[in-house]
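Enquirer: sequence first, predicted coordinates after that:
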Amino acid sequence: MKILMVCLGNICRSPMAEGILRSKLPEDFVVDSAGTANYHENQKPDKRAIEVCKNHGIDISTLRGRQFKLSDFDEFDRIYVMDHANYSDIIYQVRKESDKKKVKLITAEDTNSPNHISDPYYGEIEDFEKIYRQLDSVCTVITEKFAKENSLQNA
Ligand code: 4NP
């Protein structure tokens, strides 16, 4: 199973989501992230994202920004977007129905989530901490869902 996390810049929300989900899933899952924009190609995650993840025992400092590309629709089984603008930007690029089916608002997985993950870029470290908690909660639900699907397949 290959999962792609998508936000706008690929330096705040999606690298955090990538690190958090990877820390919860078995190693045979592939988790990656990308931005709808190319502003931060090859750049490290935002210092505040690195710091907040580090405080929770997750190292995202080696990740580098990249833009979403059409071949990601072939490469990944699930594409989780952080907000409605990301959703529109990715849906605009779908080539066929099976691409569209892979794209989901990440917060739709968790009934306790807010209805999107807000962009913390112009916020404070507390906003990054809040987003960490939201992503941690939804990634726990996603992990439980995959575990259930897996045990059903192996039954
Ligand atoms: P992200 O946050 O989409 O969570 O990575 C942003 C990062 C950079 C910019 C916007 C949002 N920017 O405009 O450069």
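Expert: Yep, it's here.
Enquirer: which secondary structure elements does the worst-scoring helix or strand of the chain on mean pLDDT contact?
Expert: Taking mean pLDDT, DSSP states H and E as the measure, the chain has helix 125-153 as its least confident helix or strand, at a mean of 93. Here helix 125-153 touches helix 13-24, helix 47-55, going by 3 or more Cβ pairs under 8 Å, 6 or more residues apart in numbering; DSSP states H and E. Any C-beta I mention is one placed from the backbone N, CA and C, and that applies to glycine too.
Enquirer: try 10 Å
Expert: Counting by 3 or more Cβ pairs under 10 Å, 6 or more residues apart in numbering; DSSP states H and E, the packing neighbours recorded for helix 125-153 are strand 2-7, helix 13-24, helix 47-55, strand 78-81.
Enquirer: how about the next helix-or-strand element following the longest one, which residues are buried there?
Expert: Spelled out, it's helix 13-24. Where DSSP states H and E defines the elements, the next helix or strand beyond helix 13-24 is strand 30-35. Neighbour counts over strand 30-35 (16 or more other Cβ atoms under 10 Å) mark Val31, Asp32, Ser33, Ala34, Gly35 as buried.
Enquirer: tell me the phi and psi of Asn112?
Expert: phi -90, psi 0 (degrees, to the nearest 10).
Enquirer: I'm done for today, thanks for sticking with me.
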